[in-house]
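Novice: Sharing a model that was predicted from the sequence below.
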Amino acid sequence: MSFLKKKIGLDATCFNERASGAKQRFISLYTELFKIMPKSKFYIFHAKDYNISKDIDISKYKNVSIVRTNIQSHNTLLNIIRAYFFWKKNLNKYKLDIFEIFRLPIFNKFKVKNILTIHDLRYLLLKYSGFKNIFNYLYCRIFLRNIDQFIVVSNFTKKELQLKLNYRNITVVENGIDLKKFQKIKKTKNIKLKSRLKLDDNFIFTVGHFELRKNYKNLILSIKKLQNKNIKLVIAGNANTKTEIKFKKKLQNIIYENKLNYRIILLTNLNNEEIKLLYKNCKLFIFPSVYEGFGIPVLEAMAFNKKIILSNIEPFKEILKYNKKIFFDPKNPIDIARKINLNIDKSNIKKNEYQKQLNFYKNKILAYKIYNLYFNLTKKK
């Protein structure tokens, strides 16, 4: 299928040093795409304040060029204006067949076939964006009409996009996982981390940014209700922005108020190796979010063959078949504790428990979905 010969632009100006599921997806999925489309030419446009080649070894791909822009990775009014004029002035000279965008806002009406990837629609929800959701809704209704094709990461997000904004040109391309990165971990690194964090193997683990939708408050309150008082909870996430730092402090206060400071550990800004070690050593992985577009950590816990319990939101049910023993009401600490008690002391799950599901999320398979989308989109041109 590598016969497709096109020029493709990828707007990677939203990515910076900050770890995120969107960045992880871009690196893993599009490096596979570069391999299966060797006759096509890719231009990656990166932010002024961050060179994406820190994450992608471009020397491996003869069909990829890096283009530095004057656009910052963080959105400000000045940066939005700067982005508008950059694309207006520079985009046409590359004579692209397809231009893929991974960020909002977009004010340009592009002359090439364009694709926008959307991970979730939380910016349209009052709970997560405040009254900005009114502006966000109006913006999306007006300017996203210029988009030829949408990519979303789950059927749940597809339904949301259809219901809230009435858009129809939507393709689901899920987040993927590279199973090779979850191979055996050196024992020495494992021992050092456990010693530094003073951890045995008797802990529950979750990972994600310190923000409201991750539902850490109810998870923390559930720990008080566990039958086994020796079980610890480890929460790992980034706390770089003012909002994240403030939210983490709020969680710390809840922990102290409930006298759980010896049972709950909040860890920030760990590297990928340290996160993998926590997956490997935990007794149970829990993901208590009340809102997600997908849920990459679920795949990662599956790659480590861990027992998993999840909030009963739709994107998680797309990844793992619904089972009332492992799904809980995320707004109910008693139900969360009940499902932890039910699963924590059971025998280990069988080897390669999730292999069939994980095969579906291989990046190469998902990259071919994008390839087919490119083919169909340019065929209509």
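Specialist: Nice, I can see it.

Novice: Tell me how far Tyr361 lies from Asn202.
Specialist: For Tyr361, the distance to Asn202 (C-beta to C-beta, to the nearest Å) stands at 30 Å. Glycine gets a C-beta too; all of them are placed from N, C-alpha and C.

Novice: what about the helices in the protein?
Specialist: 21-36, 77-90, 126-129, 132-143, 155-165, 187-197, 216-223, 242-257, 272-281, 296-303, 314-319, 333-344, 355-360, 363-379 (DSSP state H).

Novice: between those helices, which gets nearest to Ser59?
Specialist: Taking C-beta to C-beta, helix 21-36 is the member of these nearest to Ser59, at 12.0 Å.

Novice: and the angle from the closest one to helix 272-281?
Specialist: For helix 21-36 against helix 272-281, the angle by axes from the mean of the first three to the mean of the last three C-alpha atoms, to 10 degrees is 100 degrees.

Novice: More neighbours: which of Tyr361 and Asn202?
Specialist: Tyr361 (22 against 14; other C-beta atoms under 10 Å).

Novice: Of the helices of the chain, which is nearest Ile106?
Specialist: It's helix 132-143; of the helices of the chain, that one is closest to Ile106 (C-beta to C-beta) at 5.8 Å.

Novice: low-confidence ranges in the stretch 1-150 of the chain?
Specialist: Residues of the stretch 1-150 of the chain meeting the criterion pLDDT under 70: 1-3.

Novice: let's see it at 80
Specialist: By pLDDT under 80, the low-scoring segments of the stretch 1-150 of the chain are 1-4.

Novice: just the stretch 201-350 of the chain next, same as before
Specialist: Scanning the stretch 201-350 of the chain for pLDDT under 80 picks out 201, 345-348, 350.

Novice: distance between the ends of stretch 55-71?
Specialist: The first and final residues of stretch 55-71 sit 19 Å from each other (C-alpha to C-alpha, to the nearest Å).

Novice: Name the residues that touch it?
Specialist: The contact list for stretch 55-71, computed with C-beta atoms under 8 Å, 6 or more residues apart in numbering, reads 13, 15, 23, 27, 31, 34-35, 37-48, 51-53, 79, 82-83, 86, 90.

Novice: which parts of it are buried?
Specialist: For stretch 55-71, burial by neighbour count (16 or more other C-beta atoms under 10 Å) applies to 55-56, 58, 61, 64, 69, 71.

Novice: Next: stretch 238-247.
Specialist: If you call a residue buried by 16+ other C-beta under 10 Å, then stretch 238-247 has these buried ones: 238-239, 244, 247.

Novice: same thing with stretch 39-51?
Specialist: Buried residues in stretch 39-51, counting neighbours by 16+ other C-beta under 10 Å, are found at 40-47, 50-51.

Novice: farthest-separated two in the residues you listed?
Specialist: Spanning the widest gap among those are Ser40 and Tyr50, at 24.7 Å by C-beta to C-beta.

Novice: before we move on, the earlier item: relative to Ser222, which of the buried residues of stretch 55-71 is nearest.
Specialist: Distances from Ser222 to the buried residues of stretch 55-71, taken by C-beta to C-beta, are shortest for Asp55, at 35.8 Å.

Novice: ok, that closest one to Val64 distance?
Specialist: From Asp55 to Val64 the distance is 13 Å (C-beta to C-beta).

Novice: got it, and Cys14?
Specialist: As judged by C-beta to C-beta, Cys14 and Val64 stand 18 Å apart.

Novice: One more: Tyr84?
Specialist: To Val64, Tyr84 is 26 Å away according to C-beta to C-beta.

Novice: same thing with Asp97?
Specialist: 16 Å.

Novice: cool, Phe360 as well?
Specialist: Distance, Phe360 to Val64, using C-beta to C-beta: 27 Å.

Novice: Could you do Arg141 as well?
Specialist: From Arg141 over to Val64 the distance is 35 Å, taken as C-beta to C-beta.

Novice: Same check on Lys321?
Specialist: From Lys321 to Val64 the distance is 38 Å (C-beta to C-beta).

Novice: same thing with Ser154?
Specialist: Where Val64 is concerned, Ser154 sits at a distance of 28 Å (C-beta to C-beta).

Novice: Also Ala47?
Specialist: Counting by C-beta to C-beta - Ala47 and Val64 are separated by 17 Å.

Novice: Then Arg213?
Specialist: From Arg213 to Val64 the distance is 34 Å (C-beta to C-beta).

Novice: now Asn253
Specialist: Counting by C-beta to C-beta, the gap from Asn253 to Val64 is 47 Å.

Novice: Quick one: residues contacting Gly237.
Specialist: 207-210, 214, 244, 248, 267-268.

Novice: Quick check on the residues you listed: which are buried?
Specialist: Counted by 16+ other C-beta under 10 Å, the contacts of Gly237 give 207-210, 214, 244, 248, 267 as buried.

Novice: Let me have the residues you listed in a markdown table, extended by distance to Lys351.
Specialist: Conversion of the buried ones among the contacts of Gly237 to a markdown table gives the following (distance: C-beta to C-beta, whole Å):
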| residue | distance to Lys351 |
| --- | --- |
| Val207 | 24 |
| Gly208 | 27 |
| His209 | 32 |
| Phe210 | 34 |
| Lys214 | 30 |
| Glu244 | 37 |
| Lys248 | 37 |
| Leu267 | 29 |
